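Undergrad: fold the following.
(chains A and B)
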Amino acid sequence: MKIHIFIATTQGLVAIQNITPIDDEDISSVVSVNGTSTTANISGSYHNFVKKGVGIIHQMFGACSYRVDISARIDQGNSWQVAMYLAHLTQSKGLLGNGEVNDGDTVICATGEVNTTNHQILAVAEVALKFKLAQPQLDQWALLGAKVHFLLPQANQTDVKQNNYTLLVSNLDQAASALPSSTQKQYTQSVKNEKLVAINPRYIIAGAISILVLVMIFGLNKLISTDDISFQPVANKTNVSEVEPIKKVQLFAVLKQDKSCAQTSSKHVLLANKTFAELALNQLCKLYLQTHKSQGQVLLVARDAYTVIPLNQSQQGWQVPLPKKRVADRSYFLVQIVQTISEAKIEQLRLYREAMPKPNMLTESTLMAWLQTQGVEFSVYSHKLVVQ
Amino acid sequence: MPEHQHHLKEQLFTAKTLYRELHQAPEQQAQHSNAKAWVFNDLVQLTQGNPKVDAQQLMQHINQSLTLRRQYMQLLQQLAFATSPVQAAASSAASSAARIISRKSAEFELLFKPDKQFSGQVYVILKIPHSIEKHHNQGVRINCCSNELISSIHFPPIVDGKTQLLMEESDQKFINMFDAEFAIYLS
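TA: Numbers count the residues shown, from 1 in each chain, chains lettered A, B, ... in the order given. Modelled structure (predicted):
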C-alpha cells in the first residue's frame, strides 16, 4: 500500500514522485521535473521551505537539503507547501508512492500555503479551478479502488462545495491526520501528549517539585554516581516493565591522539544517573555502547532532530554513528531494548517524533512514556557530543 | 514550329520565372526582418549579465563572427566581475581536455558534485562570498572562453552567498566550465 501525494495546481495535478535527502550543506534543495536536470521555478522557494530557521523541513525531517522530483513544472506560488510537507512525512515512513496509483493505495491531493512559524495553513487562490481540474482524475482513482482525499485550507471552504473528497484543514496536524489510519492513530496519540503538556503546565511544575523533593529526601549522592568504569545497576531509572535489569552498560570512546584518527586512545565514559559525560566531537573517532550480551537492540533517538536510528552491533559494541558535520552540539538518547523490535515499531517511533512541532520537545519522560506503550523492556540513556 | 510560337513559350517561361521571384520576395524579406540586427550595446549588456538579452541567439552570432568574438572578449576582460584564467595543467596528457574538479579565485568558487541517485547529473555550485547587488536580483552569468569557442550560462540569483544549477554531465556548457583550457569570466 502506497500513499501518493499530488499538488493541486491551476494546470492540473502534479505528482510528487520521489524525495531524496541530499544532506550536503553545499547543495541547495532542488525540485526537478521527472527526474531530469530541468528544475522547477519553485526550487528557490522550496529551498527556503526546507532551510532551518526559515522553513520547517530540515527541522522536522533531519536532512539539510533534499531533491524532490515532480511530474510537471510548477512555476510560481506557494500552494505546493502542504502537499510537500505531507510528502516528506510519508517519505519518512517509506510509504511515498510515485504517482502511479493502484488499487488499495491512498491518494492525497492538497493545496495550501504553510505559515512556517505556527504551522497554520493559509488560504490560497484559484482553489475552485484546481479542484475542477482534479475532479475527473479523482473520480478515476476512486473507481480504481483507491482512497482519495482533496485537502484544502479551511479558509477556502467557500470556494469548493463539500463532497466525498474534500477535507478542510487549518494546520499541519490536521493535514497529517489525512494519512491512513495506521499512522494517524499514532499521530493522534502524540498530538494528545503534546496537548496534555501544552494545556497543563501544572503537570510540568508538579513533576519538577516531585524531583526536587526526591533530591531533598535521598540526597544527591544517591542519585548521581561518579563511577565511570564500574558496571552500573540500572534499577534507579529503568522502566517498571523491565523484567531483567541490564547488568552492565558502558560507553566506549575511541579518541584521537593527535590530529587524525591514525593513532588513538580509548576510554570508558563516565556514567551518572543514566547520563553519560559529554564528549568533545573534535577528539572523537568512534563511539560504542557496550551492553550485556543478551541485549536485543539499541536505538539512537536524537533530541535536536527527528532522527531515529537502530544501531549496528560490532565486536566493540553498538556503534554510535558520529555526525558528518561537527559544527554544532548534538544531544541524543540511547534506548536499550531487551527484545528485538520490528522495523514497523521503529517507524512508529519516528512518526511519534515527527508529530512533535519541534524536535527538542522530546524529553526523557515522554520517550519513556511512548516506550511503555509498546510493551518492551528498555532503559534510556542520555548523551551529548559537544563542539569545543 | 512557327517562330512566333517559340517566342510565346520563351515569354511564358520568363513571365513565370519573374512571377515566382515576385511572389517569393515578400517571404524572404519577412525572414530577413525576423533576424534581429545586433548592435554593440547588446554585447555590452550580455557582458554585464543583463538577463533581458537573448543570450542564446547572441552567443550563436558571436561564435560565428570572429570580429564579434574579439569585441566580446575585450568587453569581458574589461567589465567582468571576476575571472579564472586558463588553468595550468600538470598532467602530461596535454592533448585531451583536462577536467578539473573546481575553480577558485579570490572572488568566487565554482565546484560540482554528482547526484547520488541520478548518475549523469551534477550539481554545479557557484559560491560568491562578496557578491554585488545585481547577483541577488538578476543572477550570475558565466562565460567560458577558449580560442575557438565561447559558451555562456546563466545561474539563478545568489542566496546565502551561493547559487546552483542541476546539469547533465554530458552538457557541453558543463564540460567547458571545468575544462582547464577554458578561461572563465563572471558577470
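Undergrad: would you double-check that A:Phe150 falls in a strand?
TA: Yes. Under DSSP: H, G, I helix; E, B strand; the rest coil, A:Phe150 falls within a strand.
Undergrad: any idea how far it is from A:Gly77?
TA: A:Phe150 sits 17 Å away from A:Gly77, taking Cβ to Cβ, to the nearest Å as the criterion. Any C-beta I mention is one placed from the backbone N, CA and C, and that applies to glycine too.
Undergrad: equivalent analysis for A:Val148, please.
TA: Separation of A:Val148 from A:Gly77 (Cβ to Cβ): 23 Å.
Undergrad: A:Leu143 too?
TA: 30 Å.
Undergrad: of those two, who's got more company?
TA: Neighbours were counted for A:Leu143 and for A:Gly77 using other Cβ atoms under 10 Å in any protein chain shown; A:Gly77 has more, 18 against 9.
Undergrad: now do the helices in the stretch 101-250 of chain A.
TA: In the stretch 101-250 of chain A, helices defined by DSSP state H, counting those that start in this stretch lie at A:127-144, A:172-176, A:181-199, A:201-218, A:220-223, listed in chain order.
Undergrad: surely A:Leu152 and A:Thr158 touch.
TA: No. A:Leu152 lies out of contact with A:Thr158 (Cβ atoms under 8 Å); the separation is 10.7 Å.
Undergrad: higher neighbour count, the two?
TA: More neighbours surround A:Leu152 than the other of A:Leu152 and A:Thr158, with 28 against 8 (other Cβ under 10 Å).
Undergrad: on the pLDDT front, check B:Ser92 for me.
TA: The predicted local confidence for B:Ser92 comes out at a pLDDT of 50.
Undergrad: let me redo that: B:Ser96
TA: Looking at B:Ser96 specifically, the model assigns a pLDDT of 48.
Undergrad: can you check the one 4 residues further on too?
TA: What the model reports as pLDDT for B:Ile100 is 82.
Undergrad: would you mind measuring from it to chain A?
TA: Distance check for B:Ile100 against chain A: by Cβ to the nearest Cβ, to the nearest Å, it reads 17 Å.
Undergrad: burial measure for that residue, as a count.
TA: 18.
Undergrad: the residue positioned nearest the centre of chain B: what's it in contact with?
TA: Centre of chain B computed as the mean C-alpha position; nearest residue by Cα atoms, centre = their mean is B:Met59, 3.5 Å away. Listed by Cβ atoms under 8 Å, 6 or more residues apart in numbering or on different chains, the contact partners of B:Met59 are B:Leu46, B:Ile150, B:Ser151, B:Ser152.
Undergrad: the third one in helix, strand or coil?
TA: B:Ser151 falls in the strand class when you classify it by three-state DSSP.
Undergrad: can you pull the contacts of it?
TA: Counting by Cβ under 8 Å, 6+ apart, the residues that B:Ser151 touches are B:Met59, B:Asn143, B:Cys144, B:Gln172, B:Lys173, B:Asn176.
Undergrad: among those, which are located in strands?
TA: Under the assignment DSSP state E, those contribute B:Asn143, B:Cys144 to strands.
Undergrad: now for the contacts of B:Ser151: which two are most distant?
TA: B:Asn143 and B:Gln172 (13.9 Å; Cβ to Cβ).
Undergrad: between those two, which one's more packed in?
TA: Neighbours around B:Asn143 and B:Gln172, counted as other Cβ under 10 Å, are more numerous at B:Asn143. The numbers are 27 against 12.
Undergrad: what pairs with that one across the strands?
TA: B:Ser152, B:Tyr185 (DSSP bridges).
Undergrad: mind checking pLDDT for it?
TA: 94.
Undergrad: same thing with the one 4 residues further on?
TA: You'll see B:Asn147 listed with a pLDDT of 86.
Undergrad: element containing it, please.
TA: Assignment of secondary structure by DSSP states H and E places B:Asn147 within no helix or strand.
Undergrad: any idea how far it is from chain A?
TA: From B:Asn147 across to chain A, the span is 29 Å (Cβ to the nearest Cβ).
Undergrad: that residue and B:Met73, how far apart?
TA: Per Cβ to Cβ, B:Asn147 is found 10 Å from B:Met73.
Undergrad: which of these two has more residues huddled nearby?
TA: Counted by other Cβ under 10 Å, B:Asn147 and B:Met73 do not tie: B:Met73 has more neighbours, with 17 against 10.
Undergrad: got the CA positions of stretch A:349-358 in CSV?
TA: This file holds the C-alpha atoms of stretch A:349-358, laid out as CSV (Å, rounded to 0.1, in the frame of the first residue of the first chain):
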residue,chain,number,x,y,z
LEU,A,349,8.7,5.9,16.9
ARG,A,350,9.9,8.1,14.0
LEU,A,351,6.3,9.1,13.4
TYR,A,352,5.8,9.9,17.1
ARG,A,353,8.9,12.1,16.9
GLU,A,354,7.9,13.8,13.7
ALA,A,355,4.5,14.7,15.0
MET,A,356,6.2,17.0,17.6
PRO,A,357,6.3,20.6,16.3
LYS,A,358,9.9,20.8,17.4
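Undergrad: what average pLDDT does it get?
TA: Mean predicted lDDT for stretch A:349-358 stands at 82.
Undergrad: for stretch A:14-34, same thing?
TA: In this model, stretch A:14-34 carries a mean pLDDT of 93.
Undergrad: need the distance between the two termini of that stretch.
TA: Across stretch A:14-34, the terminal residues are separated by 11 Å (Cα to Cα, to the nearest Å).
Undergrad: and that stretch, what's buried?
TA: Buried positions in stretch A:14-34, judged by neighbour count with 16 or more other Cβ atoms under 10 Å in any protein chain shown: A:14-22, A:24, A:27-33.
Undergrad: where does pLDDT dip in chain A?
TA: Counting by pLDDT under 70, chain A shows low-confidence ranges at A:181-247, A:293-295.
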